[in-house]
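A.B. asks: Here is a sequence with its predicted model. Questions after.
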Amino acid sequence: MELRHLRYLVAVVDSGTVTAAAAALHVAQPGVSAQLRQLERELGAPLVERGPRAVTPTEAGLAVLPHARAALAAVEDARDAVAALRGLLRGRVAVGMATSLPDTVLADPVGDFAAAHPQLEVTLREGTTDELVDELRAGRLDVAVLGFPHAPPDGLDGRVLVESPLVAAVAADDPFAGQAAVTLDELAARPLICLPRGHGLRAALDAALAARSLTARVGFESGAMTLLLRLAARGAGVAVVPEPALGAAGVAALARPPVAVPITPEIRTRLHLVWRSGGPGGPAARALLESLLR
């Protein structure tokens, strides 16, 4: 059994097809198939089922995959450790960011880190908070910037970057615009414009409403914060957003920007830099975390 056998198995399972795996590995498709069959012969069991559209792991394949991933990761860690002794950072690091966040949150620090370490492959993935938490726990992400109403969930550590209240953003001529504050009962009676489920901000809103036996009447959902605020400015409903979001350039430049009205009782959301408990695994990921924390 050789490392390339394990690498091909993991690539085929992750890519879903032998063709996609071969493209990702920059090798010929027959070579991938041949190496996979050789591994199956050596282990004495089929590792994948070749369907008409996709390849899926068999029971034996599922049993082998964790060991294959661990072996490949150990090899990369060994290479990274030697590179670290030589004062180099190599390998790859993966960063996650909630889709609702402005691109300025990570563009400069991640871009600067990538420029300072050209031998590193730095990737950035967007998604909902729930999706990225799963990616962190599975080891497919090293760090992420996510919103949670309280502390990060089990298995993750983090540091609070920003804490801010949620506000009701409405058109300038909306009845709420002249109020000193909006109650949760009033919010529940209006069509809301908010992030989809799976985002930390939405979880904070739903939890606050549920504590009063209320549910949100959602009229519009989007992961793009600027779109939510533009809809609110047009009178399409009440957007529930973090207070700082109204200062975004694309919102402040509107001819009639939305008005922010405090929510009572206050709902607060926190933006966290998060990572797996115990810290990222390799030297490059640890260096990235240290850079972002600075």
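C.D. replies: Here it is on my side, so go on.
A.B. asks: Any chance you could list what contacts stretch 14-33?
C.D. replies: Residues from elsewhere that reach stretch 14-33 (C-beta atoms under 8 Å, 6 or more residues apart in numbering): R7, Y8, A11, V12, L36, R50, R53, A54, V55. Backbone N, C-alpha and C define where each C-beta goes, glycine included.
A.B. asks: Next, the buried residues of the host helix or strand of the first one.
C.D. replies: It refers to R7. Assigned by DSSP states H and E, R7 belongs to helix 3-15. By 16 or more other C-beta atoms under 10 Å, the buried positions in helix 3-15 come out as H5, L6, R7, Y8, L9, V10, A11, V12, V13, S15.
A.B. asks: do stretch 139-159 as well
C.D. replies: L141, D142, V143, A144, V145, L146, G147, F148, P149, P152, L156, G158.
A.B. asks: mind checking pLDDT for the nearest residue to L6 once chain neighbours are set aside?
C.D. replies: Leaving out its chain neighbours, the residue that sits closest to L6 by C-beta to C-beta, 6 or more residues apart in numbering is A68, at 4.0 Å. Here the pLDDT value assigned to A68 is 87.
A.B. asks: CA atoms only: put the longest strand anywhere in the chain into CSV for me.
C.D. replies: As assigned by DSSP state E, the longest strand anywhere in the chain is strand 156-170. Taking Å, rounded to 0.1, in the frame of the first residue of the first chain, the C-alpha atoms of strand 156-170 are listed here in CSV:
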residue,chain,number,x,y,z
LEU,A,156,-14.6,25.3,19.1
ASP,A,157,-12.7,28.1,20.8
GLY,A,158,-12.8,31.7,19.8
ARG,A,159,-12.3,35.4,20.5
VAL,A,160,-15.0,38.0,20.3
LEU,A,161,-14.1,40.6,17.6
VAL,A,162,-17.2,42.8,17.7
GLU,A,163,-20.3,42.8,19.8
SER,A,164,-23.3,44.9,18.7
PRO,A,165,-27.1,45.1,19.2
LEU,A,166,-29.6,44.1,16.5
VAL,A,167,-31.8,46.9,15.3
ALA,A,168,-35.0,47.2,13.2
ALA,A,169,-34.1,48.9,9.9
VAL,A,170,-37.1,50.5,8.2
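A.B. asks: mind saving the C-alpha coords of stretch 98-114 as PDB?
C.D. replies: The C-alpha trace of stretch 98-114 is given here as PDB (Å, rounded to 0.1, in the frame of the first residue of the first chain):
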ATOM      1  CA  ALA A  98     -20.200  33.900   7.000                       C
ATOM      2  CA  THR A  99     -21.800  35.100   3.700                       C
ATOM      3  CA  SER A 100     -23.500  37.900   5.600                       C
ATOM      4  CA  LEU A 101     -20.300  39.600   6.500                       C
ATOM      5  CA  PRO A 102     -18.800  42.500   4.400                       C
ATOM      6  CA  ASP A 103     -15.800  41.500   2.300                       C
ATOM      7  CA  THR A 104     -13.600  44.000   4.200                       C
ATOM      8  CA  VAL A 105     -13.600  41.800   7.300                       C
ATOM      9  CA  LEU A 106     -11.100  39.300   6.000                       C
ATOM     10  CA  ALA A 107      -9.800  40.800   2.700                       C
ATOM     11  CA  ASP A 108      -6.900  42.700   4.100                       C
ATOM     12  CA  PRO A 109      -5.600  40.400   6.900                       C
ATOM     13  CA  VAL A 110      -5.900  37.200   4.800                       C
ATOM     14  CA  GLY A 111      -4.500  38.900   1.700                       C
ATOM     15  CA  ASP A 112      -1.500  40.300   3.700                       C
ATOM     16  CA  PHE A 113      -0.800  36.800   5.200                       C
ATOM     17  CA  ALA A 114      -1.000  35.200   1.800                       C
END
